[in-house]
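My questions are about this predicted structure, shown below with the sequence.
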Amino acid sequence: MNPATPASFSRTFSRSEIENRQSKILLGAHMSISGGVHIAIERARSIDCTAMQMFVKNNMQWFARPLTRDEVRAFVEHRQRAELLSIFAHANYLINLAATNPLFHANSIRALSKELASANQLELPFLVLHPGAHRGAGEEAALAKIIASINKVFRKIPKVKTKIALETTAGQGSCVGHRFEHLAHIIDNVREPERLCICLDTAHLFAAGYDIGTESGIRKTFREFDRKIGLDRLVAIHLNDSKTGRGSRVDRHEHIGKGKIGLVAFRFIMRDRRLNKIPKVLETPKGKDLREDVMNLQTLRALVLA
Ligand code: ZN
Ligand code: FE
Ligand code: FE
């Protein structure tokens, strides 16, 4: 055992206490929707996920045909749906609300509005979105453009209840959102801040330079998050280890415990009471049989008690 681990970490749990603690965890992974959106539910439940993230359409295309009524019904009324305590969406990676190319920008607004509407049909509470990349225009211009774009999207879809969860980024290339200040600035300046929330990503935080590799560092990072944005805005956490070093600004996900972050951060997140009700999902590399997910989830579940 790590000598720095507080004594309370090492106390032994009874079997029912273990099962109780582990069953309440909102833990899972991003799941493919290939074969239909409802199949994602089956994939997640086949490896005992209690939480799941999904795309609402093929991720590599700008637009897809709208979901049919049958598809929506197959998803919403799926007999296993209630076994997943949290299901939420992730937006298409092509969307860039800070795009300087007018066509890309117009496509981004339209695609995001459609994806929010689809997520709403599937009764998903939020859609995770990378804020955007400025492509040389500068951070300030990017943030202003993102704010105006979010206003525009929300104005187009006044009845949609699905919120946008802005995700912290690694700050790779010209991406903004790698400082809590960026996200706070967006929330403070949009017309309907109640429609925004936040998703943290451990690999992104680390690559962006936040010191989450030590117990004191991750405590400090959460304190800073609470001060600058507010823990009440936090709705999801992406649990990914990082292939790249702290402050590298390069986004490369790695299996839990196999990357540069170390298990301290994951143990903290799995155990902190304030994060109990926050769904946590993997976005780590995997094959069709989900073997890697099973391995990573096992590592994470063990940390609840470790
Ligand atoms: Zn993301
Ligand atoms: Fe992520
Ligand atoms: Fe990433």
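Arrived safely. Ligands and ions are numbered 1, 2, ... in the order given.

For the rest of this, base every contact and every neighbour count on C-alpha atoms.
Fine.

end-to-end on stretch 200-217?
End-to-end distance for stretch 200-217: 16 Å, by CA to CA, to the nearest Å.

Enumerate the positions of that stretch that are buried.
Going by neighbour count (16 or more other CA atoms under 10 Å), the buried part of stretch 200-217 is 200-213, 215.

So which residues make contact with it?
Here stretch 200-217 makes contact (CA atoms under 8 Å, 6 or more residues apart in numbering) with 167-171, 178-179, 218-219, 221, 234, 236-242, 244-253, 261-265, 268.

just to revisit the earlier point, could you list which of the buried residues of stretch 200-217 belong to helices?
Under the assignment DSSP state H, the buried residues of stretch 200-217 contribute 202-208, 215 to helices.

In a markdown table: those residues, plus pLDDT and distance to Val160.
Output for those, formatted as a markdown table (pLDDT from 0 to 100; distance: CA to CA, whole Å):
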| residue | pLDDT | distance to Val160 |
| --- | --- | --- |
| Thr202 | 98 | 29 |
| Ala203 | 98 | 30 |
| His204 | 98 | 29 |
| Leu205 | 98 | 30 |
| Phe206 | 98 | 33 |
| Ala207 | 98 | 33 |
| Ala208 | 98 | 32 |
| Glu215 | 96 | 39 |
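
which ones are touching Gly262?
213, 241, 256.

make that Ser32, sorry
40, 54-55.

In this structure Lys145 contacts Pro102, no?
No: with contacts counted by CA atoms under 8 Å, Lys145 stays clear of Pro102, the gap being 11.8 Å.

can you give me the strands for the protein?
27-30, 51-54, 86-90, 126-129, 132-133, 163-167, 175-176, 196-201, 234-239, 241-242, 253-254, 280-282 (DSSP state E).

Mind checking the ones you listed for the one nearest to Glu71?
strand 51-54 (14.6 Å; CA to CA).

outside of that closest one, which residues touch it?
Contacts to strand 51-54, defined as CA under 8 Å, 6+ apart, come from residues 26-33, 40-41, 44, 84-90, 279-281.

Indicate each strand paired with it and its parallel or antiparallel sense.
strand 27-30 (parallel), strand 86-90 (parallel) (DSSP bridges).

And the first one, what's buried?
Residues of strand 27-30 classed as buried by neighbour count (16+ other CA under 10 Å): 27-30.

The residues you listed: which two are farthest apart?
Leu27 and His30 (10.4 Å).

so what sits against both of those two?
Shared contacts of Leu27 and His30, defined by CA under 8 Å, 6+ apart, comprise 52, 281.

so can I have TSV of the contacts of Gly262 showing pLDDT and distance to Pro158?
Shown next, in TSV, are the contacts of Gly262 (pLDDT from 0 to 100; distance: CA to CA, whole Å):
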residue	pLDDT	distance to Pro158
Gly213	97	41
Asp241	98	37
Ile256	98	39
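
which residue sits closest to Lys57, ignoring its sequence neighbours?
Ala64 (6.4 Å; CA to CA, 6 or more residues apart in numbering).

Am I right that that neighbour is in contact with Asn58?
Yes: counting by CA under 8 Å, Ala64 touches Asn58, with 7.1 Å between them.

pLDDT weak spots in the stretch 51-200 of the chain?
Residues of the stretch 51-200 of the chain meeting the criterion pLDDT under 70: none.

mind listing the helices for it?
Remark: helices assigned in the stretch 51-200 of the chain by DSSP state H, counting those that start in this stretch are 69-76, 102-121, 139-156, 180-189.

out of those, which comes closest to Gln298?
Minimum separation from Gln298 across the helices of the stretch 51-200 of the chain (CA to CA) falls at helix 69-76, 27.0 Å.

the inter-axis angle of the closest one versus helix 102-121?
Angle of helix 69-76 versus helix 102-121, following axes from the mean of the first three to the mean of the last three CA atoms, to 10 degrees, is 60 degrees.

who does helix 69-76 touch, helix- and strand-wise?
Counting contacts by 3 or more CA pairs under 8 Å, 6 or more residues apart in numbering; DSSP states H and E, helix 69-76 is packed against helix 37-46.

For the helix it packs on, list every residue counted as buried.
Those would be 37-45, for helix 37-46 by 16+ other CA under 10 Å.

Let's have these in JSON lines, adding distance to Leu300 and pLDDT.
Output for the buried residues of helix 37-46, formatted as JSON lines (distance: CA to CA, whole Å; pLDDT from 0 to 100):
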{"residue": "Val37", "distance to Leu300": "26", "pLDDT": "97"}
{"residue": "His38", "distance to Leu300": "26", "pLDDT": "97"}
{"residue": "Ile39", "distance to Leu300": "24", "pLDDT": "97"}
{"residue": "Ala40", "distance to Leu300": "21", "pLDDT": "98"}
{"residue": "Ile41", "distance to Leu300": "21", "pLDDT": "98"}
{"residue": "Glu42", "distance to Leu300": "21", "pLDDT": "98"}
{"residue": "Arg43", "distance to Leu300": "19", "pLDDT": "98"}
{"residue": "Ala44", "distance to Leu300": "16", "pLDDT": "98"}
{"residue": "Arg45", "distance to Leu300": "17", "pLDDT": "97"}
